[in-house]
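Chemist: Prediction below, plus the sequence it came from.
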Amino acid sequence: MAYVLIMPRQGNTVESCVINEWKVAEGDAVNADTVVCVVETDKATFEVPAGETGQVLKLLYPGGEDVPVLKPIAVIGQAGEDWAAALGSEGTGDAPASGVPASPAVPAAVPAPETDSMAAAPIAEGGRIPASPRARNLAGKEGLPLAGLGGTGPGGRIIERDVAAALEKRPPLTAAAKAALASGGGTLPARGSGLGGRVREADLAAAYGASMSGGGASVSGGGASLPAGRAGLADFGEGAVAETPIKGIRKLIADRMYSSLAESAQFTLNAGASALRIQELRARMKAGAGYAGDGGEPALSKVTVNDLILFAVSRMLPRFPFMNAHKIGDTLRTFERVHLGVAVDTPRGLMVPVIRNANLLSLPQISAEAKRLASACQKGSVNPEEITGSTFTVTNLGSLGITGFTPVLNAPEVGILGVCGIELKPVPADDEGTDCCGVKFEPRIGFSLTINHQVVDGAPAARFLKALGQAAADIDLLLAEG
């Protein structure tokens, strides 16, 4: 019987992967180790082997499609075998061939959900539809408009079960289509061109274009359809305009960031700390006269300012366990060990590899591991296990001259630290100060701490940030403590 190749799960938190590129075509002969496609998540790129020797009978998705994990993506067997039979009930839809999206007739738009005995929710003053917060969150996440939805709550208010009932009557959507609907893009058809009638992002655009052209209100330009009343870009004399689809890893990062902001109450605190001793210690290490570490490690001539901050964070988090935590539903899960995520800028986008058990590592070990992981991310060779499971994240924009920013939480974490640049700033002079006005200039490093205010209050977070600043200012003493 033919072998069904599924989209592998790349880490416990990954729900879907984008097929970046097919390496084979239908009809090609493969063995178990043949790479059939390259897939990507919001964190890394991976090669998927065939897993079986035979012939590629069917490629179920085109390149660029966002596919849920553990879903069939290809069928491999012997020439002449029935690929649809291998899929069973999942093979009833017309799956597109490699790189060739299906082009069915545009179906009619989905009618408004049946409300049975439910009355449509009344419109409140100001045009706002009355709905519970949980109902709004679910509808926003799923891209379901509240307008016209019946409410069974008090006074016709829409509650969560009303949204859930409407979603059950809606056709299945790909992750990309769901995100597009949530952002207000496209029109939902009754059936999509994906496997089993799944609605793809292209189906939303096609249904929207059909609805606009049907009403005689389309404005064409380069094959695109624009809503009535909207002029083309060329009408404004803007010159050449490039339009680049947001897809692949960029699309996944966009969805992840949107989800993080939509599902948590993010709040940022900014503070600074003396960087005098950091700079002095860094200079000594660079000269080969610095801390040598334990176990005979060489002098830390390659240690960076960011490595020193990572070390300080790893020592402070166990003292403030509520910061080294995940919010999972209505549960706060705190961790004894610090698994430190480090944001890395790569040509493919932002990646966050994880330094495991950072609170148990020495400065030389943290420095070496941070460099190893960053290099693996740059080369695209990082393992899935190395980019999942962080309990707190550090992102550094100081080398780019940034003096303050608002990091976005790496959900489900409850805290992320942004490291800013070092600047000379005036501070009160001590007894040894030589300035006649009682002020001296000192290098100061900036910190921007974003927290999930749902589970962490401002005052405790401020105490953590103050302790971290003091640890950074006294970095040589912190190193002496181990």
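Modeler: Right, received. Where do you want to start? Numbers count the residues shown, from 1 in each chain.

Chemist: SS state for the residue most central in space within the chain?
Modeler: What sits nearest the mean C-alpha location of the chain, by CA atoms, centre = their mean, is Arg256, with 3.0 Å. Using DSSP: H, G, I helix; E, B strand; the rest coil, the structure places Arg256 in helix.

Chemist: Point out where the protein drops to low pLDDT.
Modeler: Along the chain, segments meeting pLDDT under 70 span 11-13, 42-43, 89-128, 182-187, 195-196, 205, 207-239, 248, 289-299, 430-437.

Chemist: care to break it down by domain?
Modeler: 3-91, 265-481 (automatic domain parsing).

Chemist: and the one helix or strand Arg444 maps to, what does it pack onto?
Modeler: For Arg444, the element it lies in under DSSP states H and E is strand 439-452. The helices and strands touching strand 439-452, judged by 3 or more CB pairs under 8 Å, 6 or more residues apart in numbering; DSSP states H and E, are strand 266-274, helix 276-286, strand 415-428, helix 458-473. Heads up, the C-betas are built off the backbone N, CA and C, glycines and all.

Chemist: Okay, helices next: where are they in this protein?
Modeler: Along the chain, counting by DSSP state H, helices occupy 83-87, 133-142, 160-168, 175-182, 201-214, 248-263, 276-286, 305-316, 363-379, 458-473, 475-481.

Chemist: Show me what counts as buried in the third one.
Modeler: By that I understand helix 160-168. Within helix 160-168, the residues scored as buried using 16 or more other CB atoms under 10 Å are 160, 162-163, 165-166.

Chemist: Adding distance to Lys425, write these out as a markdown table.
Modeler: Putting the buried residues of helix 160-168 into a markdown table (distance: CB to CB, whole Å) gives the following:
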| residue | distance to Lys425 |
| --- | --- |
| Glu160 | 50 |
| Asp162 | 55 |
| Val163 | 51 |
| Ala165 | 58 |
| Ala166 | 55 |
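
Chemist: Could you point out which of those is nearest to Ser362?
Modeler: Nearest to Ser362 among the buried residues of helix 160-168 is Glu160, at 49.5 Å by CB to CB.

Chemist: how about the nearest residue to the closest one, chain neighbours excluded?
Modeler: Arg134 (4.4 Å; CB to CB, 6 or more residues apart in numbering).

Chemist: I figured that neighbour hits Ile159, correct?
Modeler: Yes. Applying CB atoms under 8 Å as the test, Arg134 and Ile159 come out as touching, 7.4 Å apart.

Chemist: Same drill for these two, tell me which one is more crowded.
Modeler: Using other CB atoms under 10 Å, the more surrounded residue of Arg134 and Ile159 is Ile159, with 18 against 12.

Chemist: Surely that one is in contact with Pro130?
Modeler: No. Using CB under 8 Å, Ile159 is not in contact with Pro130; the gap is 9.9 Å.

Chemist: list residues touching both of those two?
Modeler: 151, 153 (CB atoms under 8 Å, 6 or more residues apart in numbering).

Chemist: What lies in contact with stretch 20-40?
Modeler: For stretch 20-40, the external contacting residues (CB under 8 Å, 6+ apart) are 5, 7-8, 10, 17-19, 45-59, 63-64, 67, 73-74, 76, 97-99, 248-249, 252, 348.

Chemist: mind running it again at 6 Å?
Modeler: Applying CB atoms under 6 Å, 6 or more residues apart in numbering, the contact partners of stretch 20-40 are 17-19, 46-53, 55-56, 59, 63, 98, 249.
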